[in-house]
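Undergrad: This is a predicted model, with the sequence first.
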Amino acid sequence: MSEFPTQARAVVIGGGIVGTSTAYHLAKLGWADTVVIERHKLTSGSTFHAAGLVGQLRSNANITQLLGHSVRLYTELERETGLATGWKMNGGLRLACTEARWTELKRQATTAKSFGLEMHLLSAREAQDLWPLMQVEDVVGAAYLPTDGQANPSDITQSLAKGARMGGVTIREDTEVTGIETRDGRVTAVLTSRGRIACEVAVNCAGQWARELGRMVGVNVPLVSVEHQYMVTEAIPGVPRTLPTLRDPDRLTYWKEEVGGLVMGGYEPNPIAWAVDGIPDGFNFQLLQPNWDHFQQIVELAMGRVPALETAGIKELIAGPESFTPDGNFILGEAPELRGFYVGAGFNAFGIASGGGAGKALAEWIAGNQPPYDLWPVDIRRFGRAQADVDWVRRRTLESYGKHYAMAWPNEEHASARPLRRSPLYDRLKAQGACFGEKLGWERPNWFAAAGETPEEIPTFGRPNWFEAVGREHRATREAVAVFDQSSFAKFLLVGRDAETALSWICANDVSRPPGTLTYTQMLNAKGGIECDLTVARLAADRYHITTGTGFATHDFDWINRNLPAGADAHLVDVTSAYAVLSLMGPRARDVLQKLTRDDVSNAGFPFARVRQLALAGAPVIALRITYVGELGWELHIPTEFAVGVYEAVMAAGAEFGIANAGYRAIETLRLEKGYRAWGSDIGPDHTPLEAGLGWAVKLKTAIPFLGREALEAQRGQRLKKLLATFTVDDPSVVLLGRETILRDGKPAGWLSSGGFGHTLGKPIGLGYVRDPAGLDPDAVRAGTYALEVAAERVPCTLHLDPLYDPKMVRVKA
Ligand SMILES: NCCCC(=O)O
């Protein structure tokens, strides 16, 4: 063997499927100078005991596409490397045994249609024809995805490793990482038991060791190992090699064929975490002691489906720890804490399904120094401070594991590890009937129960139990005034001599206007895609107060920080905890505010899109005249210790105007009527402001340079390939949730990015991009005939390119 490498462009740590796939794809991108370090032997962590099912459909189009790459790669790999992969495209079946699950399946079939993935709904009998060994008395219906399949995890990893070597990658087994060297916030070398490798990039694909490896350099990788078990039977007559994989979520189980027998595993609702305080030394190619007592609940459920299991010979019960994450999605991308340190970990039982595509996406992220497309559901920056505590991670992850096959109810909230982050108003709001949701650890009022109502959400695919309560809050906002506790907003201060120049470069809208101005703006990547969507309040010549969504705290901080021009005197500070936020919204908002301050809050004294320091009920408040609900209103950023006093004063002053508490579910219905976009669903890195109908918020008419400008200028001269529109449905009983297929003149032309109900309009509303790769003519878009596919049924709808509510902004600017 050649000398141990002392230098590489990238060092991939971990020789499982994700590490080898990343190295394979890096080589394809010309990064042949890549070294893979494996502490023991390839696959010896958890890849060797993975079950190997490859399903593709996810609730996000890009993640579905990423999994589709796994399938395409696995179909070709053996031909390229000459090493067998065990891949077969035997299709995947999924059963529904309750009406609610059948609705879920029908909604998934529509999602698949939206994303261009083949999926067929079957009767129980048709499903049984594909899987004759199962009894189907309790089956309501099934879905079949013909391009799903299964692979042999170890073989596919060896094949990827061979492909990587063929591309020039060096792989070193029996080599432990002992440290990561950094300088000026960047990775400079990986230290190993065999020597130091200087590198530009270190890639943490260390599976269940990834959290500990991250901790070496202060990078949070929130995952824990959970014991997962599946049993392998001897050959069973009637099990063909072509048997599709089977998921039977109501019985918590999955199945696949293996050498004429069956593999059957499941997700217990009472999972067991493993080695939370550290994985034992020498845990290589090792399994855990089988825990039949724990698995018994799964076996009983499984035997009801496949009676042949009762008499089948059992070869073994595989018990292995696998890494899982708090939200059930894997973790990808460059760590916000350390430049050049990338993570691909936490694959939640989907390591083999995701490995091919995740390795490709990660390699492209590394080589391009940015995500190749919007990967927000798996982006490492979706986490924050709350996810740094291992006990919090363990508790939330166990909930997530236990719900692996549970119904994915719309709007469902997590139950575990709460409450964690509380606004100063939490107890007061709770006492007034708040039903809380949670985001990034923050408790946030979703809605308020009236006397006699229970602040509890009952899961359903139909009209939810909180529908009327939200309607009340919606009307209070439209007709009187409502107060929303939005303390969880992420808030940053950008301060310094060069703050204006720096921010002008990063923001698509004009933030160079004088102190006192407030600007709604996007921040774009070089392709013109929307990386951040936020408000920038200029407090002073050298000082900006930036507000963004709760869930984007880490992402947006990272984006701004990494794009500050080198050497600029502009410093970004997270001041989230310093301010509570009360949003006072509605036509009587001014009446309430004026009662509490001597400052002038008239339209002339405090116009729309301005920021002022107000002395309000004894508190020094930063007041932002802005709205996300489409009414006259102010966001009041209140030093935390004054929050309770201001809230009490606002409620007392507002009593005569009918003030109401309102929550995030009301915000959602209000913003949909107004056509306000939400980052992460309606807008994101794959959408430009022009496509999103936000061209008015871009400073193309000025000469100010900004990141993404060239891309937008190029796009301005062309026909757009997608355009965000609003859709309304006349039948008020239709429930829109997002992902419904948009049919234009009878043909699929996109899907809804958001869905909900407008209580002023009295109609279901959705937002979604109308797509045409050949380019769109807005007049032709308007002239089309539209329908939505909702849970596999066609529903007529109307397209709108202008806001449904107050299109001239009369109420907002009143
Ligand atoms: N590792 C088991 C995968 C189960 C599933 O794909 O549903």
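TA: Looks like it arrived, so ask away.

Undergrad: and the gap between Glu257 and the ligand?
TA: 14 Å (CB to the nearest ligand atom, to the nearest Å). (Each C-beta comes from the backbone N, C-alpha and C, glycine too.)

Undergrad: Show me what that residue bridges to in the sheet.
TA: Leu262 (DSSP bridges).

Undergrad: how does the chain divide into domains?
TA: Each domain of the chain is listed here as a residue range: 10-85+151-222+327-382, 92-147+230-271+285-315, 719-814, per automatic domain parsing.

Undergrad: Of all the helix elements in the protein, which one is longest?
TA: The helix that spans the most residues within the chain, counting by DSSP state H, is helix 61-81.

Undergrad: related to what we said a few turns ago, could you single out the most deeply buried of the domains of the chain?
TA: For those, the stretch with the most neighbours on average is domain 10-85+151-222+327-382, a mean of 22; neighbours defined as mean count of other CB atoms under 10 Å.

Undergrad: mean confidence score for the longest helix of the chain?
TA: In this model, helix 61-81 carries a mean pLDDT of 98.

Undergrad: Mind checking if that helix is in reach of the ligand?
TA: No. For a cut-off given as CB under 6 Å from any ligand atom, helix 61-81 has no contacts with the ligand; the smallest distance is 10.3 Å.

Undergrad: Can you name every helix or strand that that helix contacts?
TA: Secondary structure elements in contact with helix 61-81, counted by 3 or more CB pairs under 8 Å, 6 or more residues apart in numbering; DSSP states H and E, are strand 53-54, helix 99-115, helix 153-166, helix 351-368.

Undergrad: Could you tell me the angle between the helix or strand following it and helix 99-115?
TA: Following helix 61-81 in sequence order, the next helix or strand is strand 92-96 (DSSP states H and E). Using axes from the mean of the first three to the mean of the last three CA atoms, to 10 degrees, one finds that strand 92-96 and helix 99-115 are set 140 degrees apart in direction.

Undergrad: List the neighbouring strands of strand 92-96 plus their orientation.
TA: Strand 92-96 sits in its sheet next to strand 141-145 (antiparallel), strand 245-248 (parallel), going by DSSP bridges.

Undergrad: my read: Tyr405 touches Leu252, true?
TA: Yes. If you go by CB atoms under 8 Å, Tyr405 and Leu252 touch, sitting 5.1 Å apart.

Undergrad: Name the residues contacting each of these two.
TA: Here Tyr405 and Leu252 share the contacting residues Gly266, Tyr267, scored by CB atoms under 8 Å, 6 or more residues apart in numbering.

Undergrad: coming back round to it: for the domains of the chain, which one sits closest to Asp498?
TA: Judged by CB to CB, the one of those that comes nearest to Asp498 is domain 10-85+151-222+327-382, at 19.4 Å.

Undergrad: The strands paired with strand 92-96: which one's closest to the ligand?
TA: Counting by CB to the nearest ligand atom, the ligand lies closest to strand 245-248 out of these; the figure is 5.2 Å.

Undergrad: Outside of the closest one itself, which residues are in contact with it?
TA: So strand 245-248 is in contact with 53-55, 90-95, 97, 131, 134, 148-150, 253-256, 301-302, 305, 405, going by CB under 8 Å, 6+ apart.

Undergrad: ok, now with 6 Å
TA: Surrounding strand 245-248, the residues in contact under the criterion CB atoms under 6 Å, 6 or more residues apart in numbering are Leu53, Gly92, Leu93, Arg94, Leu95, Trp131, Gln150, Tyr254, Trp255, Lys256, Arg305.

Undergrad: Nearest to Val481 among those residues?
TA: Relative to Val481, the closest of the contacts of strand 245-248 is Arg94; by CB to CB it sits at 47.7 Å.

Undergrad: I'd like the distance between the nearest residue to Asp686 once chain neighbours are set aside and Gly766.
TA: Using CB to CB, 6 or more residues apart in numbering and skipping the chain neighbours, the partner closest in space to Asp686 is Asp374 (4.4 Å). For Asp374, the distance to Gly766 under the criterion CB to CB, to the nearest Å works out to 19 Å.
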